[in-house]
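A.B. asks: Sequence and computational prediction follow.
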Amino acid sequence: MSDPVQNELGRRFVGRVALVTGAGHGIGRAVAERLAAEGARLVLADLDEAAAMATADQLAPADAVATACDVHVTSSVDACIDLAVRHFGQLDVLVNVAGGSIAMPAFEDITDEAWNEMLDLNLTGAMRCIRAALPQLRRRPTAVIVSITSVNGLAAFGEEAYSSAKAGLSLLTRNLAIKLGPEGIPSTRSPRAQCAPGSGTARTAAPIGCGRCIRWAGWGSRATSPRPWRSWPPTTPPGSPA
Ligand SMILES: NC(=O)c1ccc[n+]([C@@H]2O[C@H](COP(=O)([O-])OP(=O)(O)OC[C@H]3O[C@@H](n4cnc5c(N)ncnc54)[C@H](O)[C@@H]3O)[C@@H](O)[C@H]2O)c1
């Protein structure tokens, strides 16, 4: 099979600006790499500003700007969107990657604070980003929103808080697909955020999952008939660890 980045489909993001949260490490960095390889200009947002800057350095000569961003904080998220508009004049693609599982005690010992933090990081944070980005995305003919969920959002693996947050994110995304799809803004989520086997700290790039995310994001290049309901696979893919 030919390399998709080398053929026509591999330049789908030329002329488009993408904001990737959690772009400093792991899946977010891999998503950014793929988007850059396909011609996107990028805003790389991460709580870890130095890591976001390292991603930008790695992507050079791609046009990318790095910024500190905490998806827990509305003003911080709003500042990222402002940066995209100030620096590039537009925003076409939002990829919600920032998130992850936080170690939890036994269920009866979970505090309100720990529960809320998990939901805030993995669900409300993405909501903040989508809410802030929407006015800009609505101005663009090929806008798209992608949110990285997890197979934990589709089935139970014993991580109640993480699973609840990711299931919420899946349904948020599917609900938005109904509302925004007819406007030409596909909203989709990838449960296949798959890391290389044995990645342990989950810092490993995720070429499989990310390729799929970006294929889905490429829908935005089809301004008509985004068909959001076909966006999510009905079955759990084999070999997905989380
Ligand atoms: N690794 C896996 O196996 C796997 C599987 C399914 C889904 N996911 C999901 O994929 C996403 C990325 O996972 P990963 O393995 O690459 O994790 P990672 O820890 O390697 O990267 C997460 C990135 O998000 C950033 N981040 C953390 N909190 C943030 C905040 N409040 N605001 C902004 N940025 C913040 C971190 O600094 C980091 O750069 C997460 O949403 C995770 O739940 C991961």
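C.D. replies: That came in fine, so what should we check first?

A.B. asks: which residues in the protein form strands?
C.D. replies: With DSSP state E applied, the chain shows strands at 17-21, 41-46, 64-68, 93-96, 144-148, 187-190, listed in chain order.

A.B. asks: what's the pLDDT at the closest residue to Leu47 other than its chain neighbours?
C.D. replies: Spatial nearest neighbour of Leu47, chain neighbours left out: Asp70 (5.3 Å); criterion: C-beta to C-beta, 6 or more residues apart in numbering. Just so you know, the C-beta spots here come from the backbone N, C-alpha and C atoms, and that holds for glycine as well. Model confidence at Asp70, given as pLDDT, is 98.

A.B. asks: wait, what's in contact with Asp70?
C.D. replies: Contacts for Asp70 (C-beta atoms under 8 Å, 6 or more residues apart in numbering) come out as 47, 76-77.

A.B. asks: Which ones among the residues you listed also lie next to the ligand?
C.D. replies: Among the contacts of Asp70, the residues lying close to the ligand (C-beta under 6 Å from any ligand atom) are Leu47.

A.B. asks: how about the contacts of Asp70 in TSV, adding pLDDT and neighbour count?
C.D. replies: Shown next, in TSV, are these (pLDDT from 0 to 100; neighbours: other C-beta atoms under 10 Å):
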residue	pLDDT	neighbour count
Leu47	98	19
Ser76	98	17
Val77	98	26
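
A.B. asks: now the longest helix along the chain, how far from the centre of its chain.
C.D. replies: Determined from DSSP state H, the single longest helix within the chain is helix 160-180. Offset of helix 160-180 from its chain centre (C-alpha atoms, centre = their mean, to the nearest Å): 13 Å.

A.B. asks: in that helix, what counts as buried?
C.D. replies: Of the residues in helix 160-180, 161-170, 172-174, 176-177, 180 count as buried by neighbour count, 16 or more other C-beta atoms under 10 Å.

A.B. asks: These: which two are farthest apart?
C.D. replies: Maximum pairwise distance among the buried residues of helix 160-180 (C-beta to C-beta): 27.7 Å, between Ala161 and Leu180.

A.B. asks: Next up, the contacts around Arg139.
C.D. replies: Residues near Arg139 by C-beta under 8 Å, 6+ apart: Gln90.

A.B. asks: dump the residue contacts of the residue nearest to Arg128 when sequence neighbours are not counted.
C.D. replies: Once flanking residues are discounted, Arg128 sits nearest to Val77: 4.5 Å by C-beta to C-beta, 6+ apart. By C-beta under 8 Å, 6+ apart, the contact list for Val77 reads 69-71, 125, 128-129, 132.

A.B. asks: Let's see that with 7 Å instead.
C.D. replies: Residues counted as contacts of Val77 (C-beta atoms under 7 Å, 6 or more residues apart in numbering) are 69, 71, 128-129, 132.
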